[in-house]
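[1] Fold the following for me, if possible:
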Amino acid sequence: MTAPTIRPMRPSDVPGLVSASIAAGTLFAEHGIILPPDDPAATLAEAIDVLVAEPIDSASAERQQAAGPVGFAATTVLDGHCHLEELAVHPAYGRLGIGSALLAATTERAARRGFTRVTLTTFADVPFNAPWYRRRGFEPLPERDWGPELIRQRAREVEAGIAVAPRVVLFHDPA
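    Predicted structure coming up:
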């Protein structure tokens, strides 16, 4: 597989992206984390920007067309910073560089739009969460540096039942 095509989301992408998000969410069970049901469509609708990944399979143009987008990165703005609300890749396309391509495109796009920081919240000990982001240049953001919107975001995660395992706030300064 060659590099994925990264592009802005289209309305017709939503059903496939919801499926990708739900499928990606099942991977947490392998790490003892059972997440409450959520509505990926709401995350996509509330995002300021959503980039999607379409795999390029040189062996089959039909497969690419049939597969449609297999992952996405949805961002919002918190405390004046670009905040990565969700990055999801369908497990069938995992470990192929799609998540890395989406993350790189997201940080590049944030820098082009004048953001000096990208933040996110994630599970501290799940290999494809904080350790994965740390290998890509993200660092822990001390709680004393959280703005009021980020503090509210963390509180919403607790209320929604997402904080079922240790979580961490990470940041990256893309400029």
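[2] Strands of this protein, start to end?
    2-8, 49-56, 71-78, 81-89, 118-123, 139-140, 167-172 (DSSP state E).
[3] for those strands, which one sits closest to Leu150?
    Nearest to Leu150 among the strands of the chain is strand 71-78; the distance by Cβ to Cβ comes to 5.2 Å. Just so you know, the C-beta spots here come from the backbone N, C-alpha and C atoms, and that holds for glycine as well.
[4] name the helices or strands packed onto that closest one?
    helix 14-25, helix 40-46, strand 49-56, strand 81-89, helix 98-112, helix 148-160 (3 or more Cβ pairs under 8 Å, 6 or more residues apart in numbering; DSSP states H and E).
[5] Lowest mean pLDDT across these, which one is that?
    Confidence, taken as mean pLDDT, is least for strand 49-56 of the helices and strands packed on strand 71-78 (a mean of 91).
[6] Show me the beta-bridge partners of the residue sitting nearest the centre point of the chain.
    For the chain, the residue nearest the mean C-alpha position is Leu87 (1.3 Å; Cα atoms, centre = their mean). Note on Leu87: beta-bridge partners by DSSP bridges are Ala73.
[7] Same question for Cys82.
    The partner residues for Cys82, given DSSP bridges, come to Val77, Val118.
[8] Settle this for me: it is touching Phe115, isn't it.
    Yes. Counting by Cβ atoms under 8 Å, Cys82 touches Phe115, with 4.1 Å between them.
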